[in-house]
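Novice: Provided below are the primary sequence and the corresponding predicted coordinates.
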There are 2 protein chains.
Amino acid sequence: MCKSSISDCPLLLTITSLIIGAGPSGLTVAYWLAQYGINARIIDKRGTKLFRGHADGLRSRTLELFDSMGFAHRVIEEGYHAAAFMFWRPDGKGGLHRTGQQRSTIHTSSPYRMALLSQGRIERFFLDVIKSTSGLEVERGVIGESLSYDESLEKDPQAYPITVQLRILSEEEATPAPNPGICPYQPALDDLEDLIQKRKHKVGTIETIRTKYLIGCDGAHSWTRKQLGIPFEGSHTDHIWGVMDVVPITDFPDIRWPSSIDSPEGHLLTITREGNMVRFYVPLQEDDEVVADSFDRSAVTLDMLRERVKKIMAPFYFDFKICHWWAAYQVGRRLTPTVNKGRMFLVGDAVHTHSPKIGLGMNMSIHDGFNLGWKLGLVLKGMASPSILDTYSSERHHLAQMVLDFDQKWASFFLKKEKQEQQGLEASPQEQDDIQAAMRQAFIDNEQFAEGHVTFYKSSPLVHKGSTTMAKHLVAGERFPAALICNQSDGQPWWTTRLLKSDGRFRILLLAGDMRLQDQQSCMSTLSESLTKLLKRFTPSEQKLDSVIEVKAIHSAPLDQVELRDFPPIVRQFDEDEGWDYTKVWSDSKCFWDEQCKGNAYEVWGVDRSRGAMVVLRPDQYVGWMGELDDVTGVTEYFEGILCERNPSPVL
Amino acid sequence: MCKSSISDCPLLLTITSLIIGAGPSGLTVAYWLAQYGINARIIDKRGTKLFRGHADGLRSRTLELFDSMGFAHRVIEEGYHAAAFMFWRPDGKGGLHRTGQQRSTIHTSSPYRMALLSQGRIERFFLDVIKSTSGLEVERGVIGESLSYDESLEKDPQAYPITVQLRILSEEEATPAPNPGICPYQPALDDLEDLIQKRKHKVGTIETIRTKYLIGCDGAHSWTRKQLGIPFEGSHTDHIWGVMDVVPITDFPDIRWPSSIDSPEGHLLTITREGNMVRFYVPLQEDDEVVADSFDRSAVTLDMLRERVKKIMAPFYFDFKICHWWAAYQVGRRLTPTVNKGRMFLVGDAVHTHSPKIGLGMNMSIHDGFNLGWKLGLVLKGMASPSILDTYSSERHHLAQMVLDFDQKWASFFLKKEKQEQQGLEASPQEQDDIQAAMRQAFIDNEQFAEGHVTFYKSSPLVHKGSTTMAKHLVAGERFPAALICNQSDGQPWWTTRLLKSDGRFRILLLAGDMRLQDQQSCMSTLSESLTKLLKRFTPSEQKLDSVIEVKAIHSAPLDQVELRDFPPIVRQFDEDEGWDYTKVWSDSKCFWDEQCKGNAYEVWGVDRSRGAMVVLRPDQYVGWMGELDDVTGVTEYFEGILCERNPSPVL
C-alpha cells in the first residue's frame, strides 16, 4: 500500500480534506479534524518540524485555547511569562535610564498572561496532542505542484471538486538554507526523533489527490493563495529589520525583562525568552513610504545586527557568543480581500502579514485555524450545513484588518521619533514624555484586543445577538470569560478554560442559580426533560446523549449545601461501565485550599446568583446564545439553525 | 560489545555501583548517581516497568523533592489532589451518614498537598529525568544469582569488594502472574514503548560483575537482604486485606473524596485516584495477634472484594465493571536491625514494611533513596570521605521505626472497633464520637511527620546542631521550609523547592538582609571574597567555581529598590559564553502578579529582615549548618568536616 512505505505508485486518492502547511495555523486546523475523527492529510514543504526561531509570543487568549486543548501547562512549564514591559530612554547625559514599567493588567479575567516560547515547541505540543487522539501525521518534504477546482461540484457535499498534485521533495530541497553564523543548538529531548527526515514515498513522486476541502496554511508566501489567484493587497511601504535569538552578554539591568530601548541610535525591542535567551528586534531600515533600493536585505549579516545593538545599548556593554537563530525581515502590511474561493480556504499568514514586533502573528494564525477547524469538522461529519463555513470569513477577516490597523498605529510611535532623528531634530524631554505616555495609553486601550479577549464576532446562525439582561457581562460572539469553579463531587477547583474542552461538542451551560431554592430545583428538573429531547434530535442514536451537545450545570450554592443527587439526570448521566458522571455539576464556591478560587464566577459573568441563566457555547467556547434558565424555545431555535437533525448514518 | 546487543559472552565487568531493583527507591538512588555522572548499573527482575497498581500516595514533602528534581508539575497535572478526608458512620437507622471532614493543613509551609497517582507514572517520571541527564538505563528481566563480599577490601576506595552473579530471565520468568479478572487497560502514550520486553544479553546468560557498592532496593522480599543475612524482624501478627483499583458504579456521595467508611460490616478506606479510578482497601481479616490458619490468601478473588464492599457500603449501591488492578495483601510490621553490611546497603521496603493504608510506603522508600544517593555520589566522585555513608543509617533507620509505630497507633483505632463488633458489642454513639475525635487528633498531631516535613536527622558531620537565634524557625537536620521568592533579574516568583535543584551541589544561602543598608552591602562584599577562597579549596580547578558548592543570595529589600550590580561577584558570576549569571540573587518581595507570593519568606524562616543569616543546605536541601551572615569560620569548619580538598584528578 502506497501510504505505509516508500514506493513509487502514484495512486489517485480521495481525501476529505487536505491541509497545506504544518505551522501553528495548519496544526490548529489539524487538531480539530483529529478531534472529529476526520480522514484528513496535512503536508509541509520542510523536511522536518521547526526547531528554532520564528514566532514566540503567546497572548493570554491563546493560552486559554491551549488549556481547552490540554497543553497550556507545557507552555507554563517551559516558557517565559511576561508580566510587565520596561521603558528605557536617554538620560540626557549620554547614557540610558529606565523611565518606567508597564504592567499587564489582563489577569483579572484570565488564568494566563503573555508567554514567550519558541514556535517549534508550540508545534511539538500540537503534534503530541494530535497524536494522542488520531493517526493524523504531518507528511513532510511535500509540496503542491498544481491545483484545479471544478466549481460545478461545489454544491455537492459528496463530491471532491479539488484536485491537487503533490511532489515529494529530496532532503536538499526540503531543507531551508541556513543563515551562517548560527551556533550549535541542542533540541529538546522530545524533538530529537524529528531531526531525521522521513518520506512516505520516493523522492520525486508525483501524487494526485482529490479532496472535498483544501486549507492553505502555507504562510506569507502561500503557494495556495497564488494558485487561487487571490491578491495579497497592502501598502508598498516595507520595513526592514533584523531579529536574533541570542544569549546576551550584557550589564544592561533589565535584560531579563521585555524592554523598549529608545536610544539616539534607534529603537530596540528586547523580548525575554525561555532559558537564558533573549530575542532582539533590531532596526535596519524603517520607513513607511519608500523602500530604499540601495538596501540589500540579503547582504545583512549577524555581525551587522550585533554592531547595531552595541550602538543602541551603549554605554551598556553588549555582545554574544551563542546565537540560536537570526534573520533579516522585510514584511509589509498585507491582507487578502477574501479568505476563500469556494471550498478552498486560506488561514493565518496566507491571509495577513504585519510586523512581528507586536507579538500577534502566531496568535492570529492559531485563532484563524481554531475558528475554521471545528466548523469544517462539523460539516465533514454531516452534522451541520456547509453554510456555516461562511462565518469563517465574517468572523475572521475584519479581525485581520484590525490587526493591521493596530500594527500601523503602534509603528507610528517609533516612526515619529525616527523621522525627527533623521531630520536631526532631538525630541525635547517633554515631547519624549508625551510619546511615551501615548504609547502607554495605546497599550492599555488595546490590551483586551491584543490579548485576544475581544473578537467582535458578528451576528450569524452561530451567534445570536439578543437580550443580555440575564448575563450582563457576557456578549454573544465573544469568549466565555474564564473563572475558577469547584467540582460538586470532589471539590477540586478548575478553570473553565480547562473544563470546557475543545473536543468538538457544543455546550449548554445551565447556570442553575441557588440550588437550595425549590424554584431552581423544579426548573432544573423540567429543563432536564426538555433538553434530553432536544439533544436526542441532534445526536445519532448509537452515540451517547452528550456526544454532540454537552450539558453542564454551574450552580451558585455553597458546595457543601447541595449534593450531586439534587441535580437531574441530564447532568448526572449513568454509564453501564463507568457509573454516574461526576464531571457535569460545578459550584461557584470558594475553595478552602486555593486562594485564587474566590466563588465569584457569577459576578464575572454578571449573572444573578439566585435565578441563574442559560448559555450556549460553540465548540470553540465563544458564546453562541444566552437566555433565561427556562428558555427552552430560544435554545432550541439556536440549534435548529445550525445542526442537522439526528442521522443514524452520518455522511462521510 | 556485550552490552549493546544480544550476545552470550559473560564478561567479568567492574562497575562502581550496582542497584538491584528499579522501583521508586532504586530509581531515586539512580537519579542521584546520574546527576553525579557515576558509572552505575540498575537491574530489575520484572521484564517491563510497572504500569498498574501498587503504591499511589505521595506526601507533600515527596512532591517538594520531585520539584527539586524537576518533575513535580507532571504529578500535579496527572494526579488527584487530596485536600480533605471524609468520615462516614452508621446513622443508627440502618444507613450511613457523613459525620465530618478532616482538612489537611500542611499547605501553609509547602506548595504541595498529598497527591494520589499510580506508582507506574512516578517511575515513568524518574526514568525520563534520568534519561535527560545520563545514559543510565534500567536492565530489566535480570536477577541476582549469587553474592560474595571480600571484607578485606572494604577500606580500599579503589577496590571492588563485591562480586555478583546476574542471570538474564526469559520473558515468562520476568512476567509476574496476573490476577484473573483484570479488565483491559490502556497505558499512557509515553509508556507504550515500555510494554515490549528487551534484553541486553541472551536469556539464561550468567554475568559476573564486581562492584564497589551494592544497593538493594528489591522490596519486602529482598533477595539482597537475604544474601546479606540481615534478619527482617517484626510482629508475627499479620493483617490480611484486599486492595483494588476500580471505576466504581455507586451512588455513595463522597466517592470522589478519600473516605473512611466505618460500617457495622467493617471499616473501608477509599482513596480517590487519577481519572475516574478509586482505590478500595477492603478488610478481609484484621487481627493483631494471630493469623487464622484457616484463611487462605491465595483463595481471595476479586468477587470476594466486590461482595465485601457491597456489604460495607450498603444501603448505598456499589459495583464495578472496570478493575485496573487488585491484590490480596498480608504484610506485617517488620524492620531490619541494620541498613547495611559494609558497602552493601538496603533501601526502602527491603528495610521496613507496614500497612499501605497509611500512605507512606512509597514516600519512605523515595526518601531513603534520596538520603543515600547523593552521599554515594559524593564518595564515588572522591569528593567526600566514605565515612559520610554512616549517616544513612543514623538518619533513616530511626524514621523507619517511627513509621512502624505510627502504623500501629493508626491501626489500633480500627482494631478497637473491630473487636467490639466481633464480640457483638455495638459502640455507643458517645464511644464512636470519642474514637473519631481521637483519630482526628492523631491525624493533626502526626501530620507534619506523615507529610515528611519533620525527620529528626541527628547531629553528624553533615548536620551541625548549634545556635538558632539568627534563624528561629530553621532546624539543622530538617528540611529548609519552602517559600515563594522573586528573582532579582526578572521578578519571576519561584518556590525555593524548585530553585534549590537536586543537582548534587551543596548550597550556601546568603540571607543577605536589607541590601539597601551599607552594612549589609559591606558584609556581602567581604563574604564574596572569603567564600570564593573557600569554594576554590573544594572545587577541582578545571570546573566552574559553583560546581561543588553554589552560593545564592536571598535579600529582604523590595525588588525594585536594589539592582543586581549591588551584589558581589560570588552571586553574579561571569561566563565567557553566557555572560552574567541571573539565577543567584533573589528577593523576598511581594510579586505584583502572583497573590501567593507575599514577601514573607524571612518570617517563614524566622530571620531578621535587616541583619539576615547564613545557611548551608546539603545536596538534599536539608539544613546542614546555620550561622550569622558573617560567620565564615563556622561555614568553613562545616565543609572541612565533609569535603575532600580540591583534587585535580578525582578518584573514579
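Specialist: Structure's in. What do you need?

Novice: Outline the domain layout of chain A.
Specialist: Following the TED database, chain A resolves into domains at A:11-78+A:117-231+A:334-404, A:80-115+A:239-330, A:478-641.

Novice: Columns distance to chain B on top of those domains, output as CSV?
Specialist: (Glycine included, C-beta is placed from N, CA and C.) Formatted as CSV, the domains of chain A follow (distance: least, CB to the nearest CB, whole Å):
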stretch, distance to chain B
domain A:11-78+A:117-231+A:334-404, 5
domain A:80-115+A:239-330, 3
domain A:478-641, 3
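
Novice: Confidence-wise, which of those is weakest overall?
Specialist: Taking each of those in turn, the lowest mean pLDDT turns up on domain A:80-115+A:239-330, with a mean of 88.

Novice: What backbone torsions are found at the closest residue to A:G369 other than its chain neighbours?
Specialist: Leaving aside its sequence neighbours, A:G369 sits nearest to A:T28 (CB to CB, 6 or more residues apart in numbering or on different chains; 3.1 Å). Main-chain dihedrals, A:T28, degrees, to the nearest 10: phi -70, psi -40.

Novice: Distance check, A:T28 against A:L527.
Specialist: 34 Å (CB to CB, to the nearest Å).

Novice: The closest residue to A:A613 other than its chain neighbours: what's it in contact with?
Specialist: Distance criterion CB to CB, 6+ apart; nearest residue to A:A613, sequence neighbours excluded, is A:M470 at 4.0 Å. A:M470 makes contacts with A:607-608, A:611-613, A:626-629, as judged by CB atoms under 8 Å, 6 or more residues apart in numbering or on different chains.

Novice: Check A:A55 too.
Specialist: A:A55 neighbours (CB under 8 Å, 6+ apart): A:24, A:119, A:356, A:361-362.

Novice: if you set the cut-off to 6 Å instead, what comes out?
Specialist: A:119, A:361-362 (CB atoms under 6 Å, 6 or more residues apart in numbering or on different chains).

Novice: for chain A, what's the longest helix?
Specialist: helix A:390-422 (DSSP state H).

Novice: other SSEs contacting that helix?
Specialist: helix A:361-380 (3 or more CB pairs under 6 Å, 6 or more residues apart in numbering or on different chains; DSSP states H and E).

Novice: swap the cut-off to 7 Å and go again
Specialist: strand A:266-272, strand A:334-335, strand A:352-353, helix A:361-380, helix A:429-450 (3 or more CB pairs under 7 Å, 6 or more residues apart in numbering or on different chains; DSSP states H and E).

Novice: I'd like these as JSON lines, with mean neighbour count appended.
Specialist: Listed next are those as JSON lines, based on neighbours: other CB atoms under 10 Å in any protein chain shown:
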{"stretch": "strand A:266-272", "mean neighbour count": "22"}
{"stretch": "strand A:334-335", "mean neighbour count": "19"}
{"stretch": "strand A:352-353", "mean neighbour count": "26"}
{"stretch": "helix A:361-380", "mean neighbour count": "27"}
{"stretch": "helix A:429-450", "mean neighbour count": "15"}
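
Novice: Please render the ones you listed as CSV that adds distance to B:S547 to the earlier fields.
Specialist: Shown next, in CSV, are those (distance: least, CB to CB, whole Å):
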stretch, distance to B:S547
strand A:266-272, 27
strand A:334-335, 52
strand A:352-353, 47
helix A:361-380, 38
helix A:429-450, 43
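
Novice: Please name the residues that touch the one residue sitting closest to the centre of chain A.
Specialist: By CA atoms, centre = their mean, chain A has its centre lying nearest to A:I366, at 3.0 Å. By CB atoms under 7 Å, 6 or more residues apart in numbering or on different chains, the contact list for A:I366 reads A:24-25, A:28, A:62, A:65.

Novice: how about a cut-off of 10 Å?
Specialist: When contacts are counted by CB atoms under 10 Å, 6 or more residues apart in numbering or on different chains, A:I366 is found next to A:23-25, A:27-29, A:31, A:55, A:58-59, A:61-62, A:65-66, A:122, A:126, A:347-348, A:452.

Novice: can you check A:V203 too?
Specialist: A:6, A:8, A:141, A:167-174.

Novice: how much space between it and A:G47?
Specialist: 11 Å.

Novice: circling back to that earlier point, figure out which of the domains of chain A is closest to B:T633.
Specialist: Across the domains of chain A, B:T633 has its closest neighbour in domain A:80-115+A:239-330 (33.7 Å, CB to CB).

Novice: and the end-to-end length of that closest one?
Specialist: End-to-end distance of domain A:80-115+A:239-330 (CA to CA, to the nearest Å): 27 Å.

Novice: Okay, buried residues for the strand or helix carrying A:K321 please.
Specialist: Under the criterion of DSSP states H and E, A:K321 resides in strand A:318-331. For strand A:318-331, a neighbour-count test (16 or more other CB atoms under 10 Å in any protein chain shown) marks A:318, A:320, A:322-329, A:331 as buried.

Novice: who's the nearest residue to A:L376 once chain neighbours are set aside bridged to?
Specialist: Spatial nearest neighbour of A:L376, excluding adjacent residues (CB to CB, 6+ apart): A:Y213 at 6.2 Å. Assessed by DSSP bridges, A:Y213 has beta-bridge partners A:S17.

Novice: A:F574 too?
Specialist: A:W580.

Novice: just to revisit the earlier point, for B:T583, which of the helices and strands packed on helix A:390-422 is the nearest?
Specialist: strand A:266-272 (13.9 Å).

Novice: buried residues in whatever helix or strand comes next after that closest one?
Specialist: Later in the chain than strand A:266-272, the nearest helix or strand by DSSP H and E is strand A:278-285. Neighbour counts over strand A:278-285 (16+ other CB under 10 Å) mark A:278-284 as buried.

Novice: what are the pairing partners of strand A:278-285, and which direction each?
Specialist: Here, using DSSP bridges, strand A:278-285 pairs with strand A:239-250 (antiparallel), strand A:266-272 (antiparallel).

Novice: Okay, angle between that strand and strand A:318-331 too, please.
Specialist: 60 degrees (axes from the mean of the first three to the mean of the last three CA atoms, to 10 degrees).

Novice: mind checking how far strand A:278-285 is from the chain centre?
Specialist: 25 Å (CA atoms, centre = their mean, to the nearest Å).

Novice: how far does stretch A:344-358 stretch from start to finish?
Specialist: 29 Å.

Novice: A:G100 pairs with what?
Specialist: Bridge pairing for A:G100 - DSSP bridges - gives A:F87.

Novice: and the gap between it and B:I143?
Specialist: 67 Å.

Novice: higher neighbour count, these two?
Specialist: The neighbour count for A:G100 versus B:I143, taken as other CB atoms under 10 Å in any protein chain shown, is higher for B:I143 (18 against 14).

Novice: is it fair to say that one lies in a strand?
Specialist: Yes. When DSSP: H, G, I helix; E, B strand; the rest coil is applied, B:I143 is found to be in a strand.

Novice: Surely it and B:G204 touch.
Specialist: No. Contact criterion CB atoms under 10 Å: B:I143 and B:G204 do not qualify, at 11.7 Å.

Novice: Next, show the common contact partners of the two.
Specialist: B:167-169, B:173.

Novice: out of those, who has the most neighbours?
Specialist: Neighbour-wise, the shared contacts of B:I143 and B:G204 (other CB under 10 Å) top out at B:I168, 23 neighbours.

Novice: wait, it sits on B:K202?
Specialist: Yes. Between B:I168 and B:K202 there is a contact under CB under 10 Å: 6.6 Å.

Novice: if I look at the residue nearest to A:Y457 when sequence neighbours are not counted, how far off is A:L510?
Specialist: Computed as CB to CB, 6+ apart, the closest residue to A:Y457 that is not its neighbour in sequence is A:G477, at 3.5 Å. Distance of A:G477 to A:L510, given as CB to CB: 21 Å.
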